[in-house]
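# Just need the structure, nothing else, for what follows:
(one chain, ligands or ions: 1)
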Amino acid sequence: MSDLDLIAFDADDTLWHNESKFAAAQANFRQMMAAYHPGDVVDEALNQTERENIHHYGYGVKSYTLSLIETAIRLTDGQLPASVIQKVLDGAKEMITDAVEPLEHVEDVLAQLKPTYPLMLLTKGDLFEQDAKIAKSGLASYFTHIEVVSEKNAQVYAALLEKYGIAPARFLMVGNSLRSDILPIVEIGGHAVHIPYHITWVHEVATPSQEHADGYEQLEHIGQLPALLAQKG
Ligand SMILES: [Mg+2]
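Alright, predicted model coming up:
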C-alpha cells in the first residue's frame, strides 16, 4: 500500500452516520402500517419496492420516500389515508434537514492524513442531498477532490481513476460497503480498506467470492487507518 497517489473515502456510514437514520425511519413506517400488516411483511414489501425503484430513482431520501409511499399504497390496497402520506413526507424532510454527525475519529484521521496524501470524498447518491450533507459535515476542507456518482461499480471506479490519471495500484478506497466500496476496487486491482458500520442496508449486503476475500484489509474503526498505512507503507 506504499506510494499511494490518492486515498478516497466513502461518506455515508464511513465518515458520518446515515443508515441509523434510515433504520429509524423504517421503524416509524412499520408503526404507521401496523394497523394493516405485521412488521416483517412491511419490511419485505418495502425491500421489494426499493429493489425495483433503485433503477428508476437512484439512492437517497427522495428515492426512499417514493418507495415508502408506493409500498404503503400497496399494503393498504389503495386505501392509504392522506394523513399517513403527510407523515411520510414530514419524516423525509426531517431526514434531509437533520444534522450530519461525523463518526468518531473521522476528523482526527483526515487531519492526520491530509499533509501526506491527496484525499477524495467519493460518495454515491443524489447530488443535491449529498452536497448538502458534505457542507453540513464541516469536513469538506480536508478533501482535495469531491465526487458524487450515481453508482459505484468497477466501471465507474475505472473511469474515475482514468479521469484523474491514477493507476489502480496507487489508489486506496476506504468504506463501509463491501458491495460498493470494496469488491469493485479489488476487481480493478486497487487497494481497499473495509470498515463495517454497525448496520448495513439490505441492498448493500454482499459476500465476497473466494478470489476477492483476501484482496482487502478490514478495520474495526477509522481511527486505526493511520497505523495501517504506516505499517504497510
Ligand atoms: Mg457507505
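# residues from the protein in reach of the ion?
10, 12, 13, 176, 177 (CB under 5 Å from the ion). Every C-beta, even on glycine, is put in place using the N, C-alpha and C of the backbone.
# doesn't residue 15 make contact with the fourth one?
Pointing back at residue 176 there. No - when contacts are counted by CB atoms under 8 Å, residue 176 is not listed as touching residue 15 (9.6 Å).
# hmm, back to that, same list (the residues of the chain next to the ion) but as CSV, adding pLDDT, neighbour count and distance to residue 94.
Output for the residues of the chain next to the ion, formatted as CSV (pLDDT from 0 to 100; neighbours: other CB atoms under 10 Å; distance: CB to CB, whole Å):
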residue, pLDDT, neighbour count, distance to residue 94
10, 98, 22, 24
12, 96, 26, 17
13, 96, 24, 19
176, 96, 26, 23
177, 95, 25, 24
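# Between all of these, which two are separated the most?
12 and 177 (8.6 Å; CB to CB).
# which ones are touching residue 76?
By CB atoms under 8 Å, 6 or more residues apart in numbering, the contact set of residue 76 is 33, 36.
# ok, 6 Å please
Contacts for residue 76 (CB atoms under 6 Å, 6 or more residues apart in numbering) come out as residue 36.
# Could I get the phi/psi values of it?
The phi/psi pair for residue 76 (degrees, to the nearest 10) reads phi -110, psi 10.
# what pLDDT does it get?
Model confidence at residue 76, given as pLDDT, is 97.
# Next: residue 205.
Reading off the model, residue 205 has pLDDT 78.
# Is there a neighbour count for the residue lying closest to it once chain neighbours are set aside? I'd like the number.
Once flanking residues are discounted, residue 205 sits nearest to residue 179: 7.1 Å by CB to CB, 6 or more residues apart in numbering. Neighbourhood size, residue 179 [other CB atoms under 10 Å]: 18.
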